[in-house]
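Q: below are the sequence and a predicted model; questions follow.
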Amino acid sequence: MASVLQSGRERTTKGTSMKDIRIRKRVAVIGGGRAGRKALEEAREVGRLIARAGAVLVCGGLGGVMEAAALGAHEEGGLTIGILPGNNPSDANPSIDVPVATGLGYSIPTSEFIRL
């Protein structure tokens, strides 16, 4: 049985092997750090739908639309990955299972993006 580390504790992904996780579809959700109630509700539902479809949700990992989507996915037992702009994985919102601290900041210069 595979597990993922979430905020210092492991959450089991029942019946899912690491190979299964690696081959699952990934769906990225991008949105504002500040959003109205309707946008947040819709993002949360999108997250739920992504998880129900068995896909992995990838987002910025902080607040707003991306936090709402991650919450929806998390509520459905989905796996969430947050690509963080800073160096500290603990900056991720509580619904992120796998925080990726990049240290790249909030914008990636074109030359950096091309080298990735």
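A: Received, thanks.
Q: avg pLDDT for the longest helix seen in the chain?
A: If you go by DSSP state H, the chain has its longest helix at helix 37-52. The predicted model assigns helix 37-52 a mean pLDDT of 97.
Q: ok, and for that helix, which residues are buried?
A: For helix 37-52, the neighbour count (16 or more other CB atoms under 10 Å) marks 40, 42-44, 46-51 as buried. In this view, the C-beta of every residue, glycine as well, is placed from N, C-alpha and C.
Q: and residue 67, how many neighbours does it have?
A: Other residues within reach of residue 67, judged by other CB atoms under 10 Å, total 26.
Q: ok, the one 3 residues further on next?
A: Residues contacting residue 70 under the criterion other CB under 10 Å number 33.
Q: am I right that it sits in a strand?
A: No. Under DSSP: H, G, I helix; E, B strand; the rest coil, residue 70 sits outside any strand and is assigned helix.
Q: so where do the helices sit in this structure?
A: 18-23, 37-52, 65-75, 110-115.
Q: indicate which one of those is closest to residue 99.
A: Taking CB to CB, helix 65-75 is the member of these nearest to residue 99, at 10.7 Å.
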